[in-house]
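# Prediction below, plus the sequence it came from.
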Amino acid sequence: MKYITAVNEREFEIEINDDRHVTVDGVRQEIDFQAVGNRPLYSLLIGGHSYEAYVEAGHDGWQVLHRGNLYQVQVENERAQRLTQLGGGGPAVASGEYHLKAPMSGLVVTVPVDEGQAIAQGELLVILESMKMQNELKAPRDGLVTRVRVQPGDSVEENQVMVVLAPAQSET
């Protein structure tokens, strides 16, 4: 699967070939990508160069801090990008039910929410491990957890619904 990645509005086409290889804008690269400790710090070896960056999920994509520079990163698979371009983008986050879907295949590490729990925007919903990286998936808005469809240890596929949020009481 190819991903369209916008870094501060500059687009790249990225294909993850396997755990050790990616293709960026048509150029295949050997990589080594590892989490460093229990922090959102990651090490990337690519093209004979070493990079370290802090990576956090933000409200609108990812935030990457590298050498003192903060980059806003959006990642979309090519199928989702085509749907967005055709006007068939995903559900609105601001109203109605929100379905937290797995952005990639992986292993559920933790689910710190329960059905019936009120949550705030930015609160952690699921930690998903994929390609040796733990991804913190957070609530895009205030809401009420109506369904939890996964538990720690579950394997999930890309786009599988993991948690369902209803609008917060003030939104109804």
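Cool, the structure landed.
# Could you work out the end-to-end span of stretch 40-57 for me?
The distance separating the two terminal residues of stretch 40-57, taken as C-alpha to C-alpha, to the nearest Å, comes to 10 Å.
# do the same with stretch 33-41
So stretch 33-41: terminal residues 11 Å apart, C-alpha to C-alpha.
# which residues touch that stretch?
42-45, 52-56, 131-134, 136 (C-beta atoms under 8 Å, 6 or more residues apart in numbering). Placement of C-beta: from N, CA and C, glycine included.
# Please apply the same query to stretch 162-170.
With C-beta under 8 Å, 6+ apart, stretch 162-170 has contacts from 95-102, 108, 111, 113, 118-119, 125-126, 128, 137, 139, 141-150, 156.
# pLDDT (mean, whole number) over that stretch?
Averaged across stretch 162-170, the pLDDT comes to 85.
# now swap in stretch 140-148 and tell me
The model assigns stretch 140-148 a mean pLDDT of 91.
# Could you pull out the buried residues of it?
For stretch 140-148, burial by neighbour count (16 or more other C-beta atoms under 10 Å) applies to 140, 141, 142, 143, 144, 145, 148.
# From the contacts of stretch 162-170, which land in strands?
Using DSSP state E, the subset of the contacts of stretch 162-170 located in strands is 98-101, 108, 118-119, 125-126, 128, 137, 143-148, 156.
# Any buried residues in stretch 19-35, and which?
22, 31, 33.
# Next, the contact list for the residue lying closest to the second one once chain neighbours are set aside, please.
Nearest in space to residue 31, with sequence neighbours left out and distances taken as C-beta to C-beta, 6 or more residues apart in numbering, is residue 46 at 4.8 Å. With contact taken as C-beta under 8 Å, 6+ apart, residue 46 is in contact with 22, 29, 30, 31, 32.
# From residue 48, how far out is the second one?
In this case it means residue 29. Look at residue 29 and residue 48: by C-beta to C-beta, to the nearest Å, they are 10 Å apart.
# what sits opposite residue 72 in the beta ladder?
Beta-bridge pairing of residue 72 under DSSP bridges involves residue 63.
# Offset the numbering so it begins at 25, please.
That works, and once the first residue is 25, the last one we named lands at residue 96.
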